[in-house]
Each structure stands twice: as structure tokens, then as C-alpha cells.
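A.B. asks: quick one: sequence and predicted model below, then my questions.
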Amino acid sequence: MGTLILNASPQTAAGPKVTMTETIKANNAAGTAAAAGDPRSAGTTMAVEDVTLRYGDANGVLALDDVSLKVAKNEFCVIVGPSGCGKSSLLYLAAGLNDATWGSIKVDGREVIEPGPDRGMVFQSYTLFPWLTVRANIEYGPKRKGLPAQQRKQIVDQYLNEVGLAPFADHYPAQLSGGMKQRVAIARALANDPAVLLMDEPFGALDSQTRGTMQKLLLRVWERQQKTVLFVTHDIDEALVLGDRVLVMTARPGKIKAEIKVDIPRPRSMDVILEPDFIALKRRILGLLHDEIDEDH
Amino acid sequence: MAQRRTAWTRLTTPFANIPAGTATALALAMWVVVIGGWALLSYGRVVPNMFLPTPGTVLQTTYRMSLDGSLFYHTLTSAKVVLLGFIVSSLIAVPLGLWMGTYRVVQAPLEPLVNFIRYLPVTSFVPLFILWIGIGIEQRIAVIFFGTFFQQLVMISDCARSVSRDLVNASYTLGTKRSEAVWHVIFPAALPAILDTLRVTMGWAWTYLVVAELVAASSGLGYIGLKAMRGFQVDVIFMAIAAIGLLGLITDTAFRIIRARVAPWAP
């Protein structure tokens, strides 16, 4: 049965900010502990602390407002929120592709100051290198790292099999379907053995059937490879099928409104969406998101 | 059902493909119309032969000048001027354009200047080039260079700038350093567009040939055309023009083949 760990105090605009932050922080720690055992023993892979992001000058759009969260080692953490809530911006900050206005992000205890191969990312848009074959795309990271050819081949073969694309190793991205491209993108990110895998609505552009297949594949890979994942989506079903923990984000300015632990047993089949526990959690999140939309208008 | 559509419907559907045979037939028909119209006007004496030579005369002249080797000699001189000017221009424009499209700090000082220069007519610089460079082959190469370089620079800079940001971002998350992004990501990603730019500007380089050979040349296709004008040898002018067009067609095809070889992955 899914338990709601945190439903943050109602988002009144004039609400005392400090209290809000403290509440979220305290509950984040609790959520992590509940989701992946004691965070101190399991180890925190990623810690986002008081991150604020404002575009442009001091009067610019506030995209993220004092966001804090922790992702435990090997945890599958999902952020769900309405479009434009800044959830993607948060991933770009974690990847080091953009700078926060305030606050810090640490991965394995090191502060994020620029992009690096320890934070692999799968983007919503197709970002395979079109001039490289599938094999060469997956090999790109290990090559940059300077691994010897034999080891690279071993890694590439492993991940080609993992995503079921070995027969397409010598194809160019333009010859692949959207789902296949994203499978290569996942393999390419994992081939670098990142500390955390950041996924920015990676299946958002796919049709719903392909999306289901991809979710199944991602779960299988994640269960076998034991990776820390921070996954962003606006699809509640996707969040609940995949995640150990779902963070619900508010619309602009983006804040973490609630944290929901998904204790549906694994391995999960795609039929899990029909189970009462699942539906109860989904109703809970829908309620939280509807509050958001109502507040907006 | 495609089968139910009439041939006419298929031919008049926007963006629809037509059979390869039909396309070739249409292309040939166009040439037949152009050359046929020319034959009609010249053999029919609609236009006096002094101004419009007959296709037969032009072919005879071409045959004669091929036999004595003068056509080859002039073609070679022109090709040398155009190719050298074009290659020197491209060798500088490709890396500089890539930097310009990639780094704002390169773009900011260069772009206003380049946009000023590229609208200046090349012809107005010919007297200056003669004073500075003299009347040798270097002067002609300079004209070709001047005509293509600034256009190339702006277009290649645009090629680099239109590379997807997320492609570069993805490369960063895979361990690419900022300093490596230009050559490891932006250059290969922009390569098909760069090759297209080179192909288009190669065509422009040929169009500047006559300007380059207008003054102080003693050989070349543009030169023999000018010389023929003085002697009212319209057939030679026609031949020179056709030769330039044919060379343009050859270099264009060469670039298409190179692009298919170098970037087989690009549509």
C-alpha cells in the first residue's frame, strides 16, 4: 500500500518561506530513509540544497524556488509536475548544463560546477550523434574516458544487448525509430557508468505503446544494473510504474509540494496500473496537481 | 489507393514523387526546348547570325578550338583561378565560420564587419586589387576569394549556430570538454550543411570568373569571351559561356558525390 509521506502545507502565496523549506527538508530526509533504508548507511548519491533558479535579472521568471531533495544510492526517484514547473530546469542544473541562481547540488559529495560524465543524461529530444553508428554512439563516452579498445568493445556489446539493439549496431540514428533512438541514448548514458542517470521526459515524444515497452525495458535495465536515477515526467502513470519515490512539483515557481513513497513491490509489470494501490496513489497525485492548476487560475 | 489515382493527379500532387523516368524525360525535354528554340531563332534567321550563332557554328568552333588545344588551355587557366580562389577561401572560412557560429566572442567583432563587406560589389575592388596585387594570376584569385569568402563565412557561421544545443549538451554529459565541442560535435554535426554551403558558393565562384578576367588577363574562358566580343565572334562567346556552365555543373556534381561519401548518414 502506498503511503503519503508528505503533503506540504497549502501553498498560500504569503506562507512563511522558512517554515516551508524546513518542512520539506525534514520530510525529504524521512522520505529517503523510508524509500531506501537509512540514507546514512545506503549513501546519498545526489543532494540538492536550497536551489533557486531565476532567469534573467532580479525581475526575471522564477523557475525554481528553494528546492531541496536527496536521491539515495540506487534509488529510482521521479519528479512529476505540470509542464513549465521547472522540473527539466532542475535536471539541467544537476547535469551542470546551467547554473543555479542560489543553492548547491552535490553528487557523491562533490559540488556540481560543470557537466561531467558522472552525471549521464537522456534528453527528451533525440540527441544521438547522427554521424556515428549506434555502436560508435555508445562507445563515445568510454572513448572520451580513454578506455582501451578491447574494454570499450566489451562495454558496448553489453549495453547493446541490454537494450536489445545488437542487430542494429552498425545502423545510423536516422535509420532508427524514435523508441530505438531513446534505447541507444539510454545505453550510451549507461556505458559511461555514471553515478546518477538524469532522465528528462525521455519517452515524452513516443507513442503510448512504445512508451510502455520503453518503461519495461528501463525497469529491467535498472534492476540489473543498479543505478541511481532521477527521472522527470508529467505522466503520473509513468512516475508510479517506475519510481521508488515520486516528488510532486508545483507550477511556477517550481517547488516540491509533496513526496510520495511508492511501495508497490518489484519487479512491476505494466498491469500494475490496474491495481487498487496504484490507483489510490494516482488519485492522490492527481489531487495535488489539480490543486496546482486551480491555484493558477 | 494510389492505383486509382490518375497519372495527372499524381504529377500535380504537392511534394509527391514522380517516376525517375518521367523526371529524366522532363529534364531532357527542357534542353530540347531551349536548344530547339535557339536553333529555330538562328537557322530561321529570326535573329541575325552576327548576334546569335547557330548551334552548328558553335559546335564547329568548339571542335576547332579543342583540336588546337586552346580550349583546354583556357579552361585549365580558368579552373585554376576559380579552384585556387575557392580553396583558399574555404580553408579560412570553414574554421573561422565554425568559431564565429560557436563563440559569441568571435561573432561579436566579426559579424558587423563581414556583413558590411559582403554587400560591397566585387567589381568595385578590381582597380584596388590591380594596384595592390598587380595583374598576375594572384589578382584574379583575389577577386574570386573576395567574392566568396565573406559569403561563406556568414553561411558557415549559421551552419554552426543551428546545431542543436541538446546535441552539444549531451556530449558534455558524456565527457566532452568545452574546448573539444567545436571539433568533436559542432563540426561533424554541421558538416552536411557546410558541404552544401561550399557547393552553393562554388557556383558563385564560377560566376565571378568573368569579372576576374575582365581586366589584365591573357588567358581563360572569360578572357576569350571578351576578346571574341571585339572580333564579333559570337560563336566563341557562346562556347566560353557553355564551357563555364559545364564546369559549374561538373563541380556541383563533384560536391554532391563528396557529400554522399563524407556524410552518408545525412539525408
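C.D. replies: Perfect, I can see it now.

A.B. asks: how close does A:D50 get to chain B?
C.D. replies: Separation of A:D50 from chain B (Cβ to the nearest Cβ, to the nearest Å) stands at 24 Å. (Each C-beta comes from the backbone N, C-alpha and C, glycine too.)

A.B. asks: tell me the SS of A:S125?
C.D. replies: Taken by DSSP: H, G, I helix; E, B strand; the rest coil, the conformation at A:S125 corresponds to coil.

A.B. asks: residues near it, how many?
C.D. replies: Neighbour count of A:S125, defined by other Cβ atoms under 10 Å in any protein chain shown: 17.

A.B. asks: might one say that it is in contact with B:R165?
C.D. replies: No - the pair A:S125 / B:R165 is not scored as a contact, 9.4 Å apart, by Cβ atoms under 8 Å.

A.B. asks: could you check the pLDDT of A:M1?
C.D. replies: You'll see A:M1 listed with a pLDDT of 38.

A.B. asks: what comes into contact with the helix or strand where B:A205 lies?
C.D. replies: Using DSSP states H and E, the element containing B:A205 is helix B:187-207. Residues outside helix B:187-207 that contact it (Cβ atoms under 8 Å, 6 or more residues apart in numbering or on different chains): A:129-131, B:82, B:85-86, B:89-90, B:94, B:97-98, B:101, B:144, B:147-148, B:151-152, B:155-156, B:159-160, B:162-164, B:167, B:244, B:247-248, B:251-252, B:255-256, B:258-259, B:262-263, B:266.

A.B. asks: and what of stretch A:269-288?
C.D. replies: Stretch A:269-288 is contacted by residues A:1-2, A:4, A:7, A:80, A:212, A:215-216, A:236-237, A:239-241, A:246, A:248, A:257-258, A:260, A:262, A:264 when judged by Cβ under 8 Å, 6+ apart.

A.B. asks: list the buried residues in that stretch.
C.D. replies: Using 16 or more other Cβ atoms under 10 Å in any protein chain shown as the test for burial, stretch A:269-288 gives A:272-273, A:278, A:281-282, A:284-285, A:288.

A.B. asks: can you pull out the helices in the stretch 151-267 of chain B?
C.D. replies: Counting by DSSP state H, counting those that start in this stretch, the stretch 151-267 of chain B has helices at residues B:165-173, B:181, B:187-207, B:209-212, B:221-230, B:234-262.

A.B. asks: any idea of the pLDDT on A:T32?
C.D. replies: Predicted confidence (pLDDT) for A:T32: 41.

A.B. asks: correction: B:I87
C.D. replies: Predicted confidence (pLDDT) for B:I87: 97.

A.B. asks: using the three-state scheme, assign it.
C.D. replies: helix.

A.B. asks: who's in contact with it?
C.D. replies: Here B:I87 is in contact with no residue (Cβ under 8 Å, 6+ apart).

A.B. asks: quickly note the distance from it to chain A.
C.D. replies: For B:I87, the distance to chain A - Cβ to the nearest Cβ - is 24 Å.

A.B. asks: also B:V81?
C.D. replies: Applying Cβ to the nearest Cβ to B:V81 and chain A gives a distance of 34 Å.

A.B. asks: does that residue touch B:G220 like I think?
C.D. replies: Yes - using Cβ under 8 Å, B:V81 is in contact with B:G220, at 6.6 Å.

A.B. asks: intersection of neighbour lists for those two?
C.D. replies: Joint contacts of B:V81 and B:G220 (Cβ under 8 Å, 6+ apart) are B:140, B:209, B:213.

A.B. asks: now the buried members of the contacts of stretch A:269-288.
C.D. replies: Using 16+ other Cβ under 10 Å, the buried ones in the contacts of stretch A:269-288 are A:2, A:7, A:80, A:212, A:215, A:236-237, A:239-241, A:246, A:248, A:257-258, A:260, A:262, A:264.

A.B. asks: okay, domains of the chain per the record?
C.D. replies: This is for chain A. A:3-118+A:210-296, A:123-193 (automatic domain parsing).

A.B. asks: could you do chain B instead?
C.D. replies: What automatic domain parsing lists as the domains of chain B is B:2-43, B:55-262.

A.B. asks: so for A:A58, which of those sits nearest?
C.D. replies: domain B:55-262 (23.2 Å; Cβ to Cβ).

A.B. asks: contact partners of stretch A:47-66?
C.D. replies: A:17, A:20-21, A:67-71, A:86, A:89-90, A:93-94, A:98, A:100-106, A:252-255.

A.B. asks: let me fix that: stretch B:166-182
C.D. replies: Contacts for stretch B:166-182 (Cβ under 8 Å, 6+ apart): A:92, A:95-97, A:114-117, A:119-121, A:123, A:125, A:127, A:129, A:140-141, A:144-145, A:185, A:188-189, A:192, A:198, B:98-99, B:102, B:184-186, B:189.

A.B. asks: turn the buried ones among those residues into a named PyMOL selection, would you?
C.D. replies: Buried members of the contacts of stretch B:166-182, defined by 16+ other Cβ under 10 Å, are picked up in PyMOL with:
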select buried, (chain A and resi 92+95+96+97+115+116+117+119+120+121+123+125+127+129+140+141+144+185+188+189+192+198) or (chain B and resi 98+99+102+184+185+186+189)
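
A.B. asks: what about the contacts of stretch B:166-182, which are in helices?
C.D. replies: Members of those lying in helices (criterion: DSSP state H): A:92, A:95, A:140-141, A:144-145, A:185, A:188-189, B:98-99, B:102, B:189.

A.B. asks: local confidence estimate at residue 185?
C.D. replies: Picking chain A for this. A:A185 carries a pLDDT value of 96.

A.B. asks: not quite, go with chain B.
C.D. replies: 96.
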